[in-house]
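# Structure for this input, please:
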Amino acid sequence: MKKIFFGLSLFMAFSLGSCIQDEPLNSECDIEQVSVVSENQDVLFFSPHDAVKIVPSASSNIVFYVREGFTDSTALEALRLDMKITPGATIWPTSDSIVNLRDREVVYTVTSEDGLWHRDYRVRFAHTPSLETDLQFENFRVEERGRYEEWFERTDEGTLINQWATGNPGYAISRSSAVLGEYPTVAYDADAMSGHAVKLTTCDTGDFGSMMSMPIAAGNLFIGTFDVANALLDAMAATRFGLPFNQKPLRFQGYYKYHPGDVFINRKGTVQPGRIDEPDLYAVLYKNTDDHGLPFTLEGDNVLTHPNIVALARVNDRVHIPDGVEMKDAEWTYFDIPFEYNKELDEEVLKTNGYNLSVVFTSSIEGATFCGAVGSTLLVDEVKVVCEE
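Numbers count the residues shown, from 1 in each chain. Predicted coordinates:
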């Protein structure tokens with residue numbers, strides 16, 4: 001796993017002007033990228049970029065999705081996987097090994113350069129799952145270290161789809177003392193529409209966050225992935241919005257409650273008199289390749305503005321709970337927003353998973369730039385993306 005705290009210690013040591021005489025051996029043991037080497041790539045995948053996986057630092061499961069209609073599993077019996085791993089680390093099986101991924105997974109073990117750490121990765125092939133669009137927020141688990149919840153969806157057949165991400169892993173860096181229930185995004189059942197809702201709260205990141213000009217962390221939940229390795233180096237690039245989708249979305253529906261925090265601050269921690277925080281709730285559909293046919297993913301600085309965006313449904317009439325009214329006593333606000341298309345969908349591109357869909361919620365509308373009000377709270381439940389039949 002990424003030794004984040006080791007990296008932070010080095011960062012702070014350099015910041016304080018310390019001098020390191022001998023550079024220590026690398027303690028990281030990560031697979032950063034995997035590429036499938038096969039003569040049958042056109043049989044396995046819709047396009048060559050489907051044969052390459054950038055591996056988020058928090059993930060130990062690597063899944064390659066084969067094209068719709070793929071049935072010849074003998075093509076998976078003799079594959080070579082090229083692995084890009086952290087400098088100095090070693091891997092077994094090695095990258096020149098031929099592996100059989102038919103009807104099973106292969107475990108790769110990466111050992112750090114200093115020999116003190118190792119990490120197991122599980123690689124498998126599967127048919128591309130359809131994103132769940134009836135979103136009840138009932139499926140969640142506590143991550144392996146017991147710090148915060150992680151959400152997923154479950155198909156009618158029982159297959160788990162890890163389509164949700166949050167910024168909670170980044171908050172764990174700035175507030176390492178936080179325990180379960182104290183993170184920006186948590187499960188909530190006090191007055192959910194049914195079962196559980198999601199509670200998103202803008203939180204103070206403490207002294208370390210202030211030092212990094214990241215004084216607040218907005219609660220967020222989105223379809224996509226979060227790259228914790230980039231959380232401090234490039235926060236905008238850490239949030240990667242959207243996963244492949246092959247339906248035409250028509251409407252974005254659901255329920256929410258919102259109460260803003262008392263004091264709005266900017267990234268420097270300066271109070272902004274008269275500013276009242278706002279939530280953001282939207283769904284976006286976009287083409288997932290660039291003009292050169294290379295993979296493309298929306299990030300924090302372009303999720304609402306990039307020309308690859310095809311359609312957007314965004315809640316603009318945001319209702320606040322009045323001061324003095326408890327969250328549990330307030331009425332849920334219903335929204336039903338049509339997707340507005342700025343260009344025609346290409347049906348062939350749609351059939352080959354050439355578009356990504358993301359659904360995004362945040363407790364502070366400017367949270368991506370670390371501006372907002374501590375205590376701003378957004379509850380979300382019973383959300384649905386209605387698609388063309």
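
# ok now stretch 247-265, how far from the chain's centre?
Its chain's C-alpha centre lies 18 Å from the corresponding centre of stretch 247-265 when counted by CA atoms, centre = their mean, to the nearest Å.

# Figure out the length between the terminal residues of it.
40 Å (CA to CA, to the nearest Å).

# ok, now stretch 342-362?
Between the opening and closing residues of stretch 342-362 lies a distance of 24 Å (CA to CA).

# looking at the sheet around the most centrally placed residue in the chain, what are its partners?
The chain has Thr225 as the residue nearest its centroid, 2.3 Å off, counting by CA atoms, centre = their mean. Taking DSSP bridges, one finds Arg240 as the beta-bridge partners of Thr225.

# right, and it touches Pro56 too?
Yes. Taking contacts as CB atoms under 8 Å, Thr225 lies within contact range of Pro56: 5.1 Å. Bear in mind the C-beta positions are built from the backbone N, C-alpha and C, glycine included.

# still on that earlier bit, distance of the residue nearest to the centre of the chain relative to Ala238?
Counting by CB to CB, to the nearest Å, the separation of Thr225 from Ala238 is 9 Å.

# quick revisit: give the residues shared as contacts by Thr225 and Pro56.
Contact criterion CB atoms under 8 Å, 6 or more residues apart in numbering; no residue bridges Thr225 and Pro56 by contacting each.

# Where does the record place the domain boundaries for the chain?
For the chain, the structural domains run 25-128, 130-389, going by automatic domain parsing.

# Tell me which of these is the most buried.
The highest mean neighbour count among those, using mean count of other CB atoms under 10 Å, belongs to domain 130-389: a mean of 18.

# what about stretch 373-385, average pLDDT?
Mean pLDDT, taken over the full extent of stretch 373-385, equals 98.

# What ranges does the stretch 251-389 of the chain have for its strands?
Here the stretch 251-389 of the chain has its strands, by DSSP state E, counting those that start in this stretch, at 264-265, 280-287, 298-299, 309-314, 333-338, 340-341, 355-362, 372-373, 377-387.

# mind checking which of the ones you listed is nearest Ile161?
Counting by CB to CB, Ile161 lies closest to strand 355-362 out of the strands of the stretch 251-389 of the chain; the figure is 12.6 Å.

# Now find how far off-centre the closest one is within its chain.
10 Å.

# tell me the angle that strand makes with strand 377-387.
Our comparison of strand 355-362 with strand 377-387, counting by axes from the mean of the first three to the mean of the last three CA atoms, to 10 degrees, yields an angle of 160 degrees.

# any idea how far Thr202 is from Thr377?
Noted for Thr377: a distance of 8 Å to Thr202, by CB to CB.

# quick one: common contacting residues for the two?
Counting by CB under 8 Å, 6+ apart, the residues touching both Thr377 and Thr202 are 219, 261, 363.

# so what's the first one up against?
Listed by CB under 8 Å, 6+ apart, the contact partners of Gly219 are 166-167, 184-185, 199-203, 362-363, 377-378.

# Tabulate those residues (TSV), appending distance to Trp117.
As requested, the contacts of Gly219 are exported to TSV (distance: CB to CB, whole Å):
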residue	distance to Trp117
Thr166	25
Gly167	25
Pro184	28
Thr185	28
Lys199	35
Leu200	33
Thr201	34
Thr202	34
Cys203	30
Thr362	34
Ser363	35
Thr377	38
Leu378	38
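
# Appreciated, that's everything.
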